[in-house]
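Chemist: Coordinates for the following, if possible.
(3 chains)
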Amino acid sequence: MNDEIAIHWFRQDLRISDNPSLNFLSEKYDNIVAVYILDEVNCDRKMGSASKTWLHHSLLSLNEKLNNKLLVFKGNPEVVFNNLVDNYNVKQISWCRCYEPWIIKRDLNLKKNLKNKVQINSFNSSLLWEPWEVLKNDGSPYKIFTPFYKRGCLNSKPPRKPKSQEINFFNHNIKSQSIFDLELTSSKFWEKKIIKYWNIGESFASKLMNDFFSIGIQDYSEGRNFPIRKNVSRLSPYLHWGQISPHTLWYEVSNIEQEVGEKNAEIFKSELGWREFFYNLLYHFPKIQKFNLQTKFDKFPWENNNSFFDAWKKGQTGFPIVDAGMRELWETGYMHNRVRMITGSFLVKNLLIHWNQGEEWFWDCLFDADYASNSASWQWVAGTGTDSAPYFRIFNPVTQGKKFDPTGEYIRKFIPELRNFPLKYLFEPWECPPNTLKNFKLGINYPFPIVDVKTSREKALDAFAKIKVN
DNA sequence: CCTGGAGTTGTCCTA
DNA sequence: TTAGGACAACTCCAG
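Modeler: Predicted structure coming up:
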């Protein structure tokens, strides 16, 4: 019997279907061995708590699909692979590309150091266009979304078509650590709570896609702005971990463009385009996770205020739409996109707290925490990023609440103490005449607003004026 | 090199 | 009540 093996290294492509590396190996080899390695040696930032939880359950689900033959290790991949190559007849190692700067660097070294022992291949699986392929005519990267997407992406070659095939996984006897040895999970109440809202794994990703494409997308262009409506896909965590490919989403939504309306399909695609844009930015500006893209913001007078930051994290700012969002995040490991903008704008522009702090908190709490998207989105909110959105665009947390949660249903869902609060004052409880509600006292049952909207807005505008170029 | 049009998601004031 | 312009000026991008 043939004892030659080929290793597929699972990373952020935790799926069997439409996996180019697995497809490639399957055509050449009869014996494929699947490996996952938790690398906390080379990384420049450890996974957040929610990400670890998602990964833990994803690996359990993947392992089950593989008849418990997934090999799991913790440590430096180079050491792990050297061991495997020295002890088994490994002909080939193959993986799907990641784009975090530290991973690019690590993989490059790994290839260099192992290429004399074993054949190595890598594939694109998680981006519709490679970041080095979408460039302006002069060869430099785009900094503005619209030309990036319309001209850079839509005018170049169409994304690869998704392809799924039978994979020849090998019924091996190789020993490894267990998924529990990775210590990705704890018995924290918080973890148990947030996973209750999700079904984690590849099969649930396709189910979610199918459900969304048959119902939610029908009113995507309008409805996606309202946090209580079922018009967003909530596929972001699955996309991040590669439990579904953007290629599948791209072509599936193209197929139903007539039924769901061209506009809804186009806007959904452009959201995938934003994801591409964020990766493109990260690839060409690898420091955006920490550093302002517009360096003039380096001298912006951010404020250090731990009690404000704590109030924001806990959903105790006294602004119901902000608090509802922050509590949704803590309760479910997710926050609706519109509310991410509102809470982000509030942190940065009303509290004047550095976007780095918001980015860190989201990194820890979000199931879809993504190195590229999280950083680039925070820079967008803060106005420190590439897009030249006017600095005076400051969300008003009262107006935004009234506009996008007009029935108050979202606020009431996540802020139980306001469940019986009159709708008229729900977006600005401090305006409610005292004693309107029995057993409710502002400052006791729900906090007073920690800042004044008007004066904090003006303060932010003054601060922005100070860093103007001239 | 020059030119002109444009830039995800807002708010506030005024007529 | 509502629609339209001001907010300020910059950088990006393509021709």
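Chemist: What helix or strand is the one residue in the stretch 101-250 of chain A that gets nearest to DNA strand B located in?
Modeler: At 3.4 Å from DNA strand B, A:Thr146 is the closest residue in the stretch 101-250 of chain A, using Cβ to the nearest atom of the strand. Glycine gets a C-beta too; all of them are placed from N, C-alpha and C. Following DSSP states H and E, one finds A:Thr146 within helix A:145-147.
Chemist: List the first helix or strand encountered after that helix toward the C-terminus.
Modeler: With DSSP H and E, the next secondary element past helix A:145-147 is helix A:189-195.
Chemist: Buried residues in that next one, which are they?
Modeler: For helix A:189-195, burial by neighbour count (16 or more other Cβ atoms under 10 Å) applies to A:Glu191, A:Ile194, A:Ile195.
Chemist: ok, now which ones touch the last one?
Modeler: The reference is to A:Ile195. Residues in contact with A:Ile195, defined by Cβ atoms under 8 Å, 6 or more residues apart in numbering, are A:Thr53, A:His57, A:Gly333.
Chemist: Could you identify which of those has the most neighbours?
Modeler: Greatest neighbour count in the contacts of A:Ile195, by other Cβ atoms under 10 Å, goes to A:Gly333: 27 neighbours.
Chemist: if I look at that one, how far off is DNA strand B?
Modeler: 20 Å (Cβ to the nearest atom of the strand, to the nearest Å).
Chemist: how many neighbours does whichever residue of the stretch 201-350 of chain A sits closest to DNA strand C have?
Modeler: Relative to DNA strand C, the nearest point of the stretch 201-350 of chain A is A:Gln294 (7.7 Å; Cβ to the nearest atom of the strand). Using other Cβ under 10 Å, A:Gln294 is surrounded by 16 other residues.
Chemist: Kindly report the same for A:Phe421.
Modeler: 22.
Chemist: And it, what's its pLDDT?
Modeler: A:Phe421 carries a pLDDT value of 96.
Chemist: now for the helix or strand hosting A:Trp250, which elements pack on it?
Modeler: Per DSSP H and E, A:Trp250 falls inside helix A:246-255. With contacts taken as 3 or more Cβ pairs under 8 Å, 6 or more residues apart in numbering; DSSP states H and E, helix A:246-255 sits against helix A:202-214, helix A:262-284.
Chemist: Quick one: name whatever helix or strand follows the longest one.
Modeler: Right, helix A:262-284. Next element after helix A:262-284 (DSSP H and E): helix A:306-314.
Chemist: Alongside DNA strand B, which residues does the stretch 301-450 of chain A contribute?
Modeler: Within the stretch 301-450 of chain A, the positions near DNA strand B by Cβ under 7 Å from any atom of the strand are A:337-338, A:341, A:380, A:387-390, A:392-396, A:399-400, A:403.
Chemist: out of these, what pair is the most spread apart?
Modeler: A:Ser388 and A:Lys403 (24.7 Å; Cβ to Cβ).
Chemist: give me the low-pLDDT residue ranges for chain A?
Modeler: Scanning chain A for pLDDT under 70 picks out A:1, A:388-389, A:469-470.
Chemist: And the strands in it?
Modeler: A:5-10, A:32-38, A:71-74, A:90-96, A:119-123 (DSSP state E).
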